[in-house]
Each structure stands twice: as structure tokens, then as C-alpha cells.
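Colleague: just need the structure, nothing else, for what follows:
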Amino acid sequence: MNPTDLHIEMPETWRGCRPGHEVGLLAGAVEIKPGQRIAELGSGIGLLALMLAARVSVHVVGFEIEPRLLDLARRNVRLNAAALRGDVRFEMADIRHLGGSPWEGRFDHVFANPPFYRMGQGRRPPQSERAAARHEVAATLEDFVRAAALLLRSRGRFHFIFRPERLEELLTLASRHHCPIKIVRPIHSRKGENAKWVIVTGVKGGRQGLVITPPQDIPR
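Modeller: Numbering: from 1, shown residues only. Below you'll find the model as predicted:
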């Protein structure tokens, strides 16, 4: 499903930006099956969770720490209820503290679009929610990997869309938390240029062995 097929409300301070570009790429890259349980780390306004539930009859739980974004995500569920095949709920949670929670070990898939800048890198947006989405303000890349490992059942999979510049770091962190990366999908904005994004899939308790898929171009 295309993000524009859903009615999504967003903070007024986000007007003029295009949320959902990389989220749409991530949602469309992964095969999910009816009845599966899916978590999203840092669910924001709920777009990815809604796209997945509109496509397949799945159970999606989004974890978000920002109260304003959580309220909007829940409102977006209500606005799009008629388009959903699966069910979606959003929980207020700090992904750094999910260990020992009732959600531990319950999910078949975990999705995330982690912050791709370390603190002090890149241009930081003035809005706190967008800053947290792009920079390691509230959680680091390792926090996201650790949370995914906690939430997944054995042999469950996590899927992140990320910048290639930090891929080596992500590979190391995934192995450290016993969820080795099995698939890397390079995403290119233009043919002949370096990849702009990578979509990675790790398997909890999986064996080492990496597949790099053919390049995928961003739809225009």
C-alpha cells in the first residue's frame, strides 16, 4: 500500500515534509503472513504499522515515547479503521526499558527506522520529535537492536531501514545481540550512484551467512 492511500494526520510543525518515503520502502520490502505478531520501535504517527495492517491481517503493536505522536498515531488508527485488515495498537514505552515486560519474546517481526545520525552529526531539526527520529537523542542504534532482540521470538526477524554509512556498526551490533544480519537490500535513488538506504533483516538465533540482494531503485 502507498502511504498516500491512507489518511494520516501529523504535527503542524511537520507540514511541508514528506513522512513515509523510507517507511513505505521498508513496509513494502518484507513479506508478512496473516496472523503474525509485529512490533514497531519508535512508531511515530503510526504510518508503518497502518500500512502493514492495511495489507495483511496481522497484529501490530507500535511503541512510542513521545505523547503527542502517540496521540496522533491512535487517532490515525481510528481515521483508517475501515481500510485495515489487521489490528493495530500503540503503547507508550521507552524502547530502552522493554526487558522483563509482557511483550518480551512475543513477536514474529520487529520493524524500525532508527535514528541514522549520532549526536552531534548532521543538521538537527528544531522540532523535538523530528530530532529524535533522525538523531540519537532518546535512543541509540544499539538500543534499537537490543529492543528488537528482546521482543522477538526465537527465529523471529527484525527489519531496519538505515544509512549505508553505519552498516558495519549495525552488523556488529546485530551479532552482539544474537540476531545476525541475513539480508541486506541496497536502495538507490538513481542508477549508477551509491546506495542511499539499506534495508537489513536479522534473525534471532540465526546462523552467520549474509545475502546482498540486487539493487532496488526508489520509485518516483
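Colleague: for Lys182, give me its contacts.
Modeller: 201-203, 206, 209-211 (C-beta atoms under 8 Å, 6 or more residues apart in numbering). Quick note: C-beta positions are derived from backbone N, CA and C, even for glycine.
Colleague: reformat those as JSON lines; add distance to Ile95 and secondary structure.
Modeller: Conversion of the contacts of Lys182 to JSON lines gives the following (distance: C-beta to C-beta, whole Å; DSSP: H, G, I helix; E, B strand; the rest coil):
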{"residue": "Thr201", "distance to Ile95": "19", "secondary structure": "strand"}
{"residue": "Gly202", "distance to Ile95": "16", "secondary structure": "strand"}
{"residue": "Val203", "distance to Ile95": "20", "secondary structure": "strand"}
{"residue": "Gly206", "distance to Ile95": "22", "secondary structure": "coil"}
{"residue": "Gly209", "distance to Ile95": "28", "secondary structure": "coil"}
{"residue": "Leu210", "distance to Ile95": "25", "secondary structure": "coil"}
{"residue": "Val211", "distance to Ile95": "27", "secondary structure": "strand"}
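Colleague: selecting buried members of these in ChimeraX, what would you type?
Modeller: Per 16 or more other C-beta atoms under 10 Å, the buried members of the contacts of Lys182 correspond to this ChimeraX selection:
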select :201,202,203,206
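Colleague: quick one, phi/psi of the closest residue to Asn113 other than its chain neighbours?
Modeller: Nearest non-adjacent residue to Asn113, counting by C-beta to C-beta, 6 or more residues apart in numbering: Ile161, 5.3 Å away. Dihedral pair for Ile161: phi -110, psi 130, per degrees, to the nearest 10.
Colleague: these two touch, right, Ile161 and Glu22?
Modeller: Yes. If you go by C-beta atoms under 8 Å, Ile161 and Glu22 touch, sitting 5.0 Å apart.
Colleague: which one of those two is surrounded by more residues?
Modeller: Neighbour count, other C-beta atoms under 10 Å: between Ile161 and Glu22, Ile161 has more, with 24 against 20.
Colleague: low pLDDT regions in the chain?
Modeller: 1-4, 13-20, 117-137, 219-220 (pLDDT under 70).
Colleague: and the strands in it, which stretches?
Modeller: Ranges of strands in the chain, per DSSP state E, are 37-41, 59-64, 87-92, 107-112, 152-162, 181-188, 197-203, 211-212, 216-217.
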